[in-house]
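In: next input, structure requested:
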Amino acid sequence: MSNFLGSIWWLIVAIGILVTFHEFGHFWVARRFGVHVIKFSVGFGKTLWSRKGRDGTEYVIAAIPLGGYVKMLDEREFEVDPRDAHQSFNRKPVLQRIAIVAAGPVFNFILCFVLLWLMFMVGSRDYMPVVGHAEGIAAHAGIEPGDRVLSVNGKDVPSWGHADLLLVGAAQDHQDVDLAIERADGTHASIVLPLRQMDASVTEMQIVRAIGLVPRQLELPAVIGKISEDGPKDLRAGDRILRVGSEAVSQFQQISTAIDSESRPGQPLLLTIQRDGQTLQVAVPLKMRDNGDGKPRLTIGIGPQAADAQFDTVRRYGPIDAIGVAAHEMWRLTTESLSVLRRIVSGRASLASNVHSPIVIAQYANATAQMGLAAFLSFLAILSLSLGIMNLLPIPVLDGGHLLYYLMELISGRPVSERVLVTGQYVGLALLAALMCFAFYNDLASIFPLSSR
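Out: Here you go, the predicted model:
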């Protein structure tokens, strides 16, 4: 229950900050150009609080905190007193209308930068990009435990999160990756990861595992944390696996590789385990299961203990130095976000993995808030950037759709017809409703998976 309430609270906080800043962009620029703002609302639906300002604008907080709006004086929506017509939005030159509409997304980008700047002053925590375990593609390419990743395709990676994002993007584009690494003995090497060879059936959620790289901080001891319902009955949670057949193991990630080399068709596998200070040998059956990489393989049916990894690198800067670092980070996030959008459009990335409903956003908001101020600021920055980019998409009812209409007017010299505006409104609403339904269905299905009998 505490997680549920926490998720609701932090979702309201996050959306409230982003929507207020976005709508304030429209409001501020509109006022600069002499447009009268009738209402400034954070949220939709029933009014919870309102106040009439000296400027004649009604400021409102509404019950549904999933958006907001700025209602401006506009002769296309209602009759306007001729004495106030000069304050109407529709009477303003097209370039001013473009600036007013674009201000919302632009203010989201400004907010993203400010949040990143604050985050780097507080201190951004992450894992060092040091390999703890390598298998599959990574091991065959020559990656070894203890290797530190210095750059991916020439781009410096100060943390594991940076490396992860670049590797996933390259895998989705089916491109080989050049890694610059520093060995544990201090020597440097250049290695090519042949990601174009990755099986096309591997989903986005399976890419990292399929590459075969595990950070040092997430190495797990070969201790059983959980056993599947159809798993071996002779094993218990807390058992430490010492050997799989004749092969010694110390890390949980080594178990699957040892099973592949030690298993024999139709025969149980002999495990040497440590339990309550005693060393025992247990014969366990093997079954074909999806081990998380999209390919069925022989497994025992056990899982590791929960990881308790500690962040081991902090990027913290003073107010001046943080400006340049925040700008660089914002550029990186922007280019990666646009790359994801390009992959979705081209079909190389799935919509299901990249479009989420407020349910998942609330979960992320709560999780990052629990991790500390820097993590929550990072989450808000990414969300603000995503909101800015999404609103610039040329979809009617979004800011990008209105900008498209005004650009057409700028080129043709006359406003878009009322019929086109109304049709676009319906089309845009239908697209957004369909996208939102898809996002809710997808997120609910992941939380409450459908089972077939």
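In: and the gap between the nearest residue to Leu242 once chain neighbours are set aside and Gly104?
Out: Nearest non-adjacent residue to Leu242, counting by Cβ to Cβ, 6 or more residues apart in numbering: Thr272, 4.6 Å away. The C-beta positions use only the backbone N, C-alpha and C, and glycine is treated the same way. Using Cβ to Cβ, to the nearest Å, Thr272 is found at 63 Å from Gly104.
In: the residue nearest to Leu242 should be in a strand, yeah?
Out: Yes: according to DSSP: H, G, I helix; E, B strand; the rest coil, Thr272 belongs to a strand.
In: wait, it touches Ala283, no?
Out: No: in this structure, Thr272 is not within contact of Ala283 by Cβ atoms under 8 Å, at 11.0 Å.
In: give me the more crowded residue out of the two.
Out: Thr272 (17 against 11; other Cβ atoms under 10 Å).
In: which residues touch the residue nearest the centre of the chain?
Out: The centroid of the chain falls nearest to Asn354 when counting by Cα atoms, centre = their mean (7.2 Å). Asn354 is in contact with Val340, Ile344, counting by Cβ atoms under 8 Å, 6 or more residues apart in numbering.
In: can you check the pLDDT for it?
Out: pLDDT, Asn354: 72.
In: mind showing which ranges of the stretch 1-150 of the chain have poor pLDDT?
Out: Residues of the stretch 1-150 of the chain meeting the criterion pLDDT under 70: 1-2.
In: any chance you could map the strands in it?
Out: Remark: strands assigned in the stretch 1-150 of the chain by DSSP state E, counting those that start in this stretch are 37-52, 58-72, 124-126, 131-134, 148-152.
In: save the ones you listed as JSON lines, and put in distance to Ile344 too.
Out: Shown next, in JSON lines, are the strands of the stretch 1-150 of the chain (distance: least, Cβ to Cβ, whole Å):
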{"stretch": "strand 37-52", "distance to Ile344": "27"}
{"stretch": "strand 58-72", "distance to Ile344": "22"}
{"stretch": "strand 124-126", "distance to Ile344": "26"}
{"stretch": "strand 131-134", "distance to Ile344": "30"}
{"stretch": "strand 148-152", "distance to Ile344": "22"}
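In: export those strands to JSON lines and tack on mean neighbour count and distance to Phe379?
Out: Converted to JSON lines, those look like this (neighbours: other Cβ atoms under 10 Å; distance: least, Cβ to Cβ, whole Å):
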{"stretch": "strand 37-52", "mean neighbour count": "15", "distance to Phe379": "20"}
{"stretch": "strand 58-72", "mean neighbour count": "17", "distance to Phe379": "17"}
{"stretch": "strand 124-126", "mean neighbour count": "21", "distance to Phe379": "12"}
{"stretch": "strand 131-134", "mean neighbour count": "22", "distance to Phe379": "26"}
{"stretch": "strand 148-152", "mean neighbour count": "20", "distance to Phe379": "23"}
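In: sec struct for the closest residue in space to Val244 that isn't next to it in sequence, please.
Out: Take Val244 and drop its neighbours on the chain: the residue closest to it by Cβ to Cβ, 6+ apart is Ala258, 3.7 Å away. When classified by three-state DSSP, Ala258 comes out as helix.
In: and Ala258, how far from Thr299?
Out: Using Cβ to Cβ, which is the criterion applied here, Ala258 is 11 Å from Thr299.
In: in the stretch 201-350 of the chain, where is pLDDT below threshold?
Out: Checking the stretch 201-350 of the chain against pLDDT under 70 turns up 201-206, 289-296, 306-310, 312.
In: name the nearest residue to Tyr431, ignoring sequence neighbours.
Out: Residue 431: Leu, not Tyr. Nearest in space to Leu431, with sequence neighbours left out and distances taken as Cβ to Cβ, 6+ apart, is Ile395 at 5.9 Å.
In: quick one: contacts for that neighbour?
Out: With the criterion set at Cβ under 8 Å, 6+ apart, Ile395 makes contact with Gly401, Gly428, Leu431, Leu432.
In: closest to Gly324 among these?
Out: Gly401 (34.9 Å; Cβ to Cβ).
In: separation between the closest one and Arg97?
Out: 13 Å.
In: and for His162?
Out: Separation of His162 from Arg97 (Cβ to Cβ) stands at 40 Å.
In: between those two, point out the one with more neighbours.
Out: Ranked by neighbour count (other Cβ under 10 Å), His162 and Arg97 place Arg97 first, with 23 against 20.
In: contacting residues for that one?
Out: Here Arg97 is in contact with Phe89, Asn90, Tyr406 (criterion: Cβ under 8 Å, 6+ apart).
In: one more time with 6 Å, if that's ok
Out: Applying Cβ atoms under 6 Å, 6 or more residues apart in numbering, we find Arg97 in contact with Tyr406.
In: go on, the one 4 residues further on?
Out: The contact partners of Val101, by Cβ under 6 Å, 6+ apart, come to Asp399, His402, Leu403.
In: burial of the nearest residue to the first one once chain neighbours are set aside, as a residue count?
Out: To tie it back to what came earlier, the one meant is Asp399. By the measure of Cβ to Cβ, 6+ apart, the closest residue to Asp399 outside its immediate chain neighbours is Asn391, 4.4 Å from it. Per other Cβ under 10 Å, the neighbour tally for Asn391 reads 21.
In: the one 10 residues further on now?
Out: The number of residues packed around Gly401, counting by other Cβ under 10 Å, is 21.
In: what does Ile211 give?
Out: Neighbours of Ile211 (other Cβ under 10 Å): 26.
In: and it, what does it touch?
Out: Residues near Ile211 by Cβ under 6 Å, 6+ apart: Ile137, Ala138.
In: what about it, distance to Ala170?
Out: As judged by Cβ to Cβ, Ile211 and Ala170 stand 10 Å apart.
In: okay, strands next: where are they in the stretch 301-450 of the chain?
Out: Going by DSSP E, counting those that start in this stretch, the stretch 301-450 of the chain shows strands at 302-304, 313-315.
In: still on that earlier bit, list the contacts of the residue nearest to Asp399.
Out: Counting by Cβ under 6 Å, 6+ apart, Asn391 makes contact with Pro105, Leu398, Asp399.
In: pull the contacting residues for the closest residue to the first one other than its chain neighbours.
Out: Nearest-residue entry for Pro105: Gly388, 4.1 Å, with adjacent residues in sequence omitted and distances by Cβ to Cβ, 6+ apart. Gly388 sits next to Pro105, Asn108, Phe109 when contact means Cβ under 6 Å, 6+ apart.
In: pull out the buried members of those.
Out: For those, a neighbour count by 16 or more other Cβ atoms under 10 Å gives the buried set as Pro105, Asn108, Phe109.
In: with distance to Leu218 as added columns, please give those residues in CSV.
Out: Shown next, in CSV, are these (distance: Cβ to Cβ, whole Å):
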residue, distance to Leu218
Pro105, 36
Asn108, 33
Phe109, 33
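In: got the residue ranges for the strands in the stretch 151-300 of the chain?
Out: 155-156, 177-182, 188-193, 213-215, 224-227, 240-244, 247-248, 269-275, 278-284, 287-290, 296-299.
In: which one of these lies nearest to Asp147?
Out: strand 177-182 (4.6 Å).
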